[in-house]
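K.L.:
I'd like to go over a predicted model; first the sequence, then the structure.
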Amino acid sequence: MCSLLWTGLASWSFAEPVITQPPRSAVQNLGDTVRLACRVSESYLDDYFDWRRHQSADRSQSDQIYRTYNNTGFTLGAGFPASRFHREGLYGLNIRSLATSDGGVYTCSFYGWNLFASANVFVIGMSFMSS
């Protein structure tokens, strides 16, 4: 009896966290807004979390959109203006006024658990440059 109880407690306390709501790929028009969710099954308060955009097909190059440590600090990466890129909830990403350059693969990452999830964002429409 004692060993069964211990086994149950051990498996409960060391459950592997999972991403319960990964970001979903989206096709959006120029100027629209996209919301990318990223939810995890466990409380994540003791390490780094970030969102990255990959614009190369092999994902070798990426730009950090935002990061947080212990869910306290929040830092936007260079080239991601606060007027368009927003943290939504604990781990979500909201991008307003989409530009063609916003297209790419977006990845949310829980580093302490080595959990990652990605989605493609396609921005369609034409932008006209004035001469």
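P.N.:
Here it is on my side, so go on. Numbering: from 1, shown residues only.
K.L.:
What separation do you get for Leu115 and Gln64?
P.N.:
17 Å (C-beta to C-beta, to the nearest Å). Every C-beta, even on glycine, is put in place using the N, C-alpha and C of the backbone.
K.L.:
What of Arg84?
P.N.:
Distance from Arg84 to Gln64, by C-beta to C-beta: 15 Å.
K.L.:
can you point me to the longest strand in this protein?
P.N.:
Scanning the chain for the longest strand, with DSSP state E as the assignment, gives strand 115-124.
K.L.:
Who are the packing partners of that strand?
P.N.:
Judged by 3 or more C-beta pairs under 8 Å, 6 or more residues apart in numbering; DSSP states H and E, the packing partners of strand 115-124 are strand 26-29, strand 34-36, strand 104-110.
K.L.:
hmm, 7 Å instead?
P.N.:
strand 26-29, strand 104-110 (3 or more C-beta pairs under 7 Å, 6 or more residues apart in numbering; DSSP states H and E).
K.L.:
Leu98 is nearest to which of these?
P.N.:
strand 26-29 (5.4 Å; C-beta to C-beta).
K.L.:
ok now that closest one, how far from the chain's centre?
P.N.:
17 Å (C-alpha atoms, centre = their mean, to the nearest Å).
K.L.:
so what's the residue nearest the centre of the chain bridging to?
P.N.:
Nearest to the mean C-alpha position of the chain, by C-alpha atoms, centre = their mean, lies Cys108 at 2.8 Å. Counting by DSSP bridges, Cys108 forms beta bridges with Trp51, Ala117.
K.L.:
quick one: it from Pro23, how far?
P.N.:
According to C-beta to C-beta, Cys108 and Pro23 sit 6 Å apart.
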